[in-house]
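Participant: Just the structure for this:
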Amino acid sequence: MEAAEFRKRGKEMVDYVADYLEQIDKRQVFPDVEPGYLRPLIPDCAPQDPESFEDVFKDIEKIIMPGVTHWHSPYFFAYFPAASSFPALLADMLCGGIGCVGFSWAASPACTELETVMLDWLGKMINLPGEFLAGKDGQGGGVIQGSASEATLISLLAARTKTIRRVQSEKPELTEADVMGRLVAYASDQFCATLGTTPCCSFDKLLELGPVCNKENIWMHIDAAYAGSAFICPEFRHLLNGVEFADSFNFNPHKWLLVNFDCSAMWVKKRSDLTGAFKLEPLYLQHHHQESGLVTDYRHWQIPLGRRFRSLKLWFVLRMYGVRGLQEHIRKHIRLSHQFEHLVLQDERFEICAEVVLGLVCFRLKGSNELNKALLKSINEAKKIHLVPCHLREKFVLRFAICSRAVESTHIKFAWQHISQLATDLLKTWEQNHHQ
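Facilitator: A predicted model of the protein is given here:
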């Protein structure tokens, strides 16, 4: 494909994506296919000779779309939101177009420097303590990871290296293996200190955990993967109180801040803790600016060597929505979650199972776990809306997460009427079957 055809096809693809997103509410939110559906639809091997773009393009609707779960549908209420917006999609095109691999400053100075500044912008938006920001010559700073799991693993590895070195400096007679065998990591059943857990969006008490970790010299990592975006609203910032005790903190703009996947923002108070754990310096990666001390080489802050120019998405979205526009997006979702909560509370057959703080409502029919499993099955088999469950202590619970950028009050009402009707149908047959 030459540049001239790319211009033409690129415009067609933009139109296709815009149409897809504008009309997504007309598509069934969850596909009808069975596992293995795709293999019989395409050849066994790659073609020997090139095919036309038309042939490839035709196959999107024929082969791909029938097997897509439409995460951006206003009828998708499962998991947590996956962020998407037109500015972010445009930035992703530019990222692909520039096509740099930004593992060091020299590999693409703009890629490194924009990321450092964007993570400072984002840190200021959620009012992170200054120690986490890079500024002109700060000890801390931010980095974009692929996911919250990656950020957590990196914190764990950095904490391990730091502890081993500390203990060895105090007791030089111990080998690394001696120290390694005695290390302990403390976790809850949600893993690390969490703001907005996945099952029910609950919040750990940082103001209690933090001082204990600091006193005992324990690295504290905080994961606010979903909830973190809400901290840009002053009325939810108190949920982050206690972050000042942490060594590292992350949240995912790619969940709730309109920046499409992947973009997990992570901050550390001491960048040297990360670079100390991950530094690798083969000659071919060294460059003459390194001695200046001003240079950030992000390969030392992450597991992979290579990295995409992901800060472009953040830059486009923060500028084109502004803090105010992003706050409106968050507040709208939270309003809608309270609307759904209100509808549930009006029906005495149902109960709310956890406090609704942000955009997640945990609810169930009063009754057995089996009854609620049957309700969820009927909801997801109807394929009008999509939900996933969780366990809260012994209870099987349905999660209703406000996800789509396009979701409105009408979709919430529709979802509730649909759930309510399915519950009525289920309870009729359930009572007949269980009274026999």
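Participant: So which helix or strand of the protein has the lowest pLDDT on average?
Facilitator: helix 271-278 (a mean of 82; mean pLDDT, DSSP states H and E).
Participant: For the strand or helix carrying Lys58, give me every contacting residue.
Facilitator: Using DSSP states H and E, Lys58 sits in helix 53-59. Residues outside helix 53-59 that contact it (CB atoms under 8 Å, 6 or more residues apart in numbering): Met1, Glu5, Arg9, Glu12, Tyr16, Ile42. The C-beta positions use only the backbone N, C-alpha and C, and glycine is treated the same way.
Participant: Check those and tell me the two furthest apart.
Facilitator: Farthest pair in the contacts of helix 53-59 (CB to CB) is Glu5 and Ile42. Separation: 23.4 Å.
Participant: Now do the strands in this structure.
Facilitator: Taking DSSP state E, the strands of the chain run over residues 141-145, 193-194, 221-223, 248-251, 264-268, 350-352, 360-365, 388-392, 395-401.
Participant: re the thing from before, tell me what the least confident helix or strand of the chain is packed against?
Facilitator: Counting contacts by 3 or more CB pairs under 8 Å, 6 or more residues apart in numbering; DSSP states H and E, helix 271-278 packs against helix 148-170.
Participant: Show me which parts of the helix it packs on are buried, residue by residue.
Facilitator: 148, 150-152, 154-156, 158-164, 167 (16 or more other CB atoms under 10 Å).
Participant: same deal with stretch 387-405?
Facilitator: Those buried within stretch 387-405 under the rule 16+ other CB under 10 Å are 387, 389-390, 392, 396-405.
Participant: so where's the protein shaky on pLDDT?
Facilitator: 280-294, 435-436 (pLDDT under 70).
Participant: Give me the domain ranges for it.
Facilitator: Structural domains annotated on the chain: 1-30+69-83+323-436, 100-309, as defined by automatic domain parsing.
Participant: what's the most buried one of those domains?
Facilitator: domain 100-309 (a mean of 18; mean count of other CB atoms under 10 Å).
Participant: Nearest to Leu90 among the domains of the chain would be which one?
Facilitator: Comparing the domains of the chain under CB to CB, the one sitting nearest is domain 1-30+69-83+323-436, at 8.9 Å.
Participant: what's the spacing between that closest one and its chain's center?
Facilitator: In terms of CA atoms, centre = their mean, to the nearest Å, the centre of domain 1-30+69-83+323-436 is set 17 Å apart from its chain centre.
Participant: Likewise for stretch 113-123?
Facilitator: 18 Å.
Participant: Would you agree Arg399 is in contact with Cys362?
Facilitator: Yes - with contact defined as CB atoms under 8 Å, Arg399 counts as touching Cys362 (5.7 Å).
Participant: which residues are in contact with both of these two?
Facilitator: With CB under 8 Å, 6+ apart as the test, Arg399 and Cys362 both reach Pro199, Cys200, Cys390.
Participant: Just name the closest of those to Tyr20, please.
Facilitator: Nearest member of the shared contacts of Arg399 and Cys362 to Tyr20, counting by CB to CB, is Cys390, at 30.0 Å.
Participant: Excluding residues flanking it in the chain, which one is nearest that closest one?
Facilitator: Pro199 (3.7 Å; CB to CB, 6 or more residues apart in numbering).
Participant: Now do the same contact list for the one you found.
Facilitator: Contacts of Pro199 (CB under 8 Å, 6+ apart): Cys362, Cys390, His391, Leu392, Val397, Arg399.
Participant: Same question for Trp315.
Facilitator: Here Trp315 is in contact with Ala91, Leu114, Met118 (criterion: CB under 8 Å, 6+ apart).
Participant: Give the burial count for the first one, as a bare number.
Facilitator: Other residues within reach of Ala91, judged by other CB atoms under 10 Å, total 23.
Participant: Pull up the gap between the residue lying closest to Phe203 once chain neighbours are set aside and Ser73, please.
Facilitator: Closest residue in space to Phe203, ignoring its immediate chain neighbours: Leu195 at 5.3 Å, by CB to CB, 6+ apart. For Leu195, the distance to Ser73 (CB to CB, to the nearest Å) stands at 27 Å.
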